[in-house]
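Trainee: Here's my sequence, what's the structure:
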Amino acid sequence: MPNLAIVGYGKMGKLIEQLAPEYGFAVTLRLDEFNNANSEGVTGPNFRGVDVAVDFSIPAAVRDNVEAIAALGVSLVIGTTGWLDDLDAVKGAVARHGIGLVWSPNYSVGVNAFFRLVSRAGTVPGTHEIGFDSSADTITLRHTARSREGFARGALQAAQWVVGKKGFHEFSEILFTEA
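Mentor: Coordinates of the predicted model:
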């Protein structure tokens, strides 16, 4: 059974821990603001035996977390949003340390399927509804998230996929491909 570290042990982290066994993971490490300030919890002994880490922390911590975790040779799934100003540094850490990383601003399989279906129609940021209208009729597609569970399940699916992989990947790229 692969071992999973959770970085950011708030609502999403706790839900990921709850669902992890369904995806074949044993959660062996939980890091939060109390035991991981300034990435101090990212140590060799803490990460011994960890196969993949899922980060749902805060935007300001992502770059340091990725640098430190990648240096330990552990692959990552990043679910935190708001860190894209550090995208080049994160990609550099992934390349330098030869790990795999999957990121997404939204790990809902449903919303990613929705985006794939409507990709030729353009997007409206923040809107998960699109309509196709003619003088004869209207077709409306809508995605509604009912809970955080879909995001947690998508992140765990990404964690399963990234174990043993290398490189920087977006969830939407790997979602509908074979392992």
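Trainee: use CA for all of it now, contacts and neighbours both
Mentor: Noted.
Trainee: Going by neighbour count, list what's buried in stretch 157-177.
Mentor: 157-163, 166-169, 171-172, 175 (16 or more other C-alpha atoms under 10 Å).
Trainee: Return the distance of that stretch from the chain's centre.
Mentor: 9 Å (C-alpha atoms, centre = their mean, to the nearest Å).
Trainee: Kindly report the same for stretch 21-33.
Mentor: On C-alpha atoms, centre = their mean, the centre of stretch 21-33 falls 14 Å from that of its chain.
Trainee: Check the average confidence over stretch 162-174, would you?
Mentor: For stretch 162-174, mean pLDDT is 92.
Trainee: got the contact list for it?
Mentor: Stretch 162-174 is contacted by residues 51-52, 75-77, 91, 94-95, 98-104, 107, 112, 158 when judged by C-alpha atoms under 8 Å, 6 or more residues apart in numbering.
Trainee: Strands - which of those land there?
Mentor: 52, 75-77, 100-103 (DSSP state E).
Trainee: where along the protein do the strands fall?
Mentor: Using DSSP E, strands in the chain cover 3-7, 26-31, 52-55, 75-78, 100-103, 129-133, 138-142, 167-170.
Trainee: Distance to E149 for these - can I get that in CSV?
Mentor: Converted to CSV, those look like this (distance: least, C-alpha to C-alpha, whole Å):
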stretch, distance to E149
strand 3-7, 16
strand 26-31, 17
strand 52-55, 15
strand 75-78, 16
strand 100-103, 17
strand 129-133, 20
strand 138-142, 18
strand 167-170, 20
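Trainee: Out of those, which is the most enclosed?
Mentor: strand 75-78 (a mean of 28; mean count of other C-alpha atoms under 10 Å).
Trainee: which neighbours does it have in its sheet, and in what orientation?
Mentor: strand 52-55 (parallel), strand 100-103 (parallel) (DSSP bridges).
Trainee: average model confidence for stretch 111-124?
Mentor: 66.
Trainee: Same check on stretch 52-63?
Mentor: 96.
Trainee: got the buried residues for stretch 16-25?
Mentor: Those would be 16-17, 20, 25, for stretch 16-25 by 16+ other C-alpha under 10 Å.
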